[in-house]
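Visitor: kindly return the folded structure for what I paste below:
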Amino acid sequence: MSNLVRILHGKGRADRSNPCLGFLASTLSAAVARNGYYIASAWILAERGYGTAGVATFLAVASIVEFIASPLAGVAVDRFDRRRLNVAADLGRFVVMLATACALLYMDVFLIICLSAALFSFCDRVALTSSQSMIPVIADGRDLVASNSAVFFVMQFGNLGAALLAGPLLHERSPALPFTVLAAFFLFSAGCLALMRLEPVSRDVRIAKISAAQIDPSLRRLIVVYALLYASAVLVSVMGSSFVFQEQKGSAVDFGYLEAAWSAGSLIGAVSLSRIERAMSTHARHLMLLGLTALVLMALAYLRTPWIVVLFAAHGFLYNLGRVSVEVTLQSRVSVYLLGRAKGIMHSVAMVLGLLVFGIAAAVGDRAFPSTLFFSFGMVLLISISCLSVGVVQTQEKM
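Guide: The predicted structure is shown next:
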């Protein structure tokens, strides 16, 4: 929590014009609505009898659109005012959710939710890219670690709020209700951003074009690290329920414990970077996080409850710690004029690997234990660490 205090009161400037509070309020509100949208959509599809295949199709549509939208959103973020673009994206998500709520009363649920996912994912990617690209401007000279930690902590807290809110909204009620209520959170988020006073990022197209052609090897490694961390989260998300129900012979309550443990770990991870950032170099830290993630995933094949709960919490911790570290590194190494495009490329690569993991999990189905897939991906992470280490050595030899 100290990072949250530092970002709100950094350098003693707690004046009313400070946009940090409004930005964090917007982040919290949007996180509640965003996570609530996915929870409500998946639950409604399952409740209406479309099962795992229906939910998988919904997630695939959202992922494919997100992959296509990521580079486009990056270009838009670098070309236009980021705050106004974020407001427009929030209003877009608000309209999509209201339209979904109305259409669900009269049309086929599966068709409407898949169409909604396509529109929502496009607006969502624009909103996330523009929002996260504003962090260096919001920090305004303050510590980037504290700024990003506060944002990711609030974002994860909003995800927890969505999970708590989704139950009462979905229990024996009209499917239109949760979308209507959650849409209001996007409207509130847009209002918070609209009231912010933020200096727009000046543009130098000539410098941006020259810099865009130069992709530093360290940036490539950073993209790979982010993609691997993202893919590990996709794997846990896709296979988590099967791991509990089929392999561990657990119940919905047990699955809830694991989800809560993962969320708790991710909350702690979001604010832990400041404790370890000076202990080792950035690249060594990323390799360590990938290595520990690999060991956690591989250990799932051998341990049982209550150690499984500890491992899920550890994965959540490592994932969010890694995300904050990657964001801070990207913001410190990439020009603010190019940050949107860099984030767009990074997320597109992550989406490709995430879709590959998702496809493999769907193809394998019940023919392999979830723990086998966890162990296999852990091995992939260890091999990737070796490749990244060799790449660093080769780069240093050329210098």
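Visitor: give me the neighbour count for Cys102.
Guide: A count of nearby residues for Cys102, using other C-beta atoms under 10 Å, gives 14. Where you see a C-beta, it was placed from the backbone N, CA and C, and this is true even at glycine.
Visitor: for Arg333, grab phi and psi.
Guide: Recorded main-chain torsions at Arg333 are phi -110, psi -20, according to degrees, to the nearest 10.
Visitor: contacts for stretch 217-233?
Guide: Contact partners of stretch 217-233, identified using C-beta atoms under 8 Å, 6 or more residues apart in numbering, comprise 283, 286, 289-290, 293, 297, 315, 318-319, 322-323, 326, 329-330, 333-334, 342, 345-347, 349-354, 356-357, 377, 381, 384, 388, 391-392, 395.
Visitor: at 7 Å what do you get?
Guide: Residues from elsewhere that reach stretch 217-233 (C-beta atoms under 7 Å, 6 or more residues apart in numbering): 283, 286, 290, 293, 297, 319, 322-323, 326, 329-330, 333, 345-346, 349-350, 353-354, 357, 377, 381, 384, 388, 391, 395.
Visitor: just the buried ones from the residues you listed, in PyMOL syntax?
Guide: Under the burial definition 16 or more other C-beta atoms under 10 Å, those of those that qualify are selected in PyMOL by:
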select buried, resi 283+286+290+293+297+319+322+323+326+329+330+345+346+349+350+353+354+357+377+381+384+388+391
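Visitor: of the contacts of stretch 217-233, which belong to helices?
Guide: Taking DSSP state H as the definition of helices, the contacts of stretch 217-233 contribute 283, 286, 290, 293, 297, 319, 322-323, 326, 329-330, 333, 345-346, 349-350, 353-354, 357, 377, 381, 384, 388, 391, 395.
Visitor: shaky segments in this structure?
Guide: For the chain, the stretches with pLDDT under 70 are 1-18, 51-52, 141, 172, 198-215, 251-253, 256, 365-366, 391-399.
Visitor: okay, now the domains of it?
Guide: As recorded under automatic domain parsing, the domains making up the chain are 18-198, 214-393.
Visitor: and these, which is most packed in?
Guide: domain 18-198 (a mean of 20; mean count of other C-beta atoms under 10 Å).
Visitor: quick one: that one to chain centroid distance?
Guide: Distance, stretch centre to chain centre, for domain 18-198: 11 Å (C-alpha atoms, centre = their mean, to the nearest Å).
Visitor: do the same with stretch 223-239
Guide: 10 Å.
Visitor: Ser131 and Tyr226: what is the separation?
Guide: Distance from Ser131 to Tyr226, counting by C-beta to C-beta, to the nearest Å: 17 Å.
Visitor: same question, Leu24
Guide: Relative to Tyr226, Leu24 is positioned 23 Å away (C-beta to C-beta).
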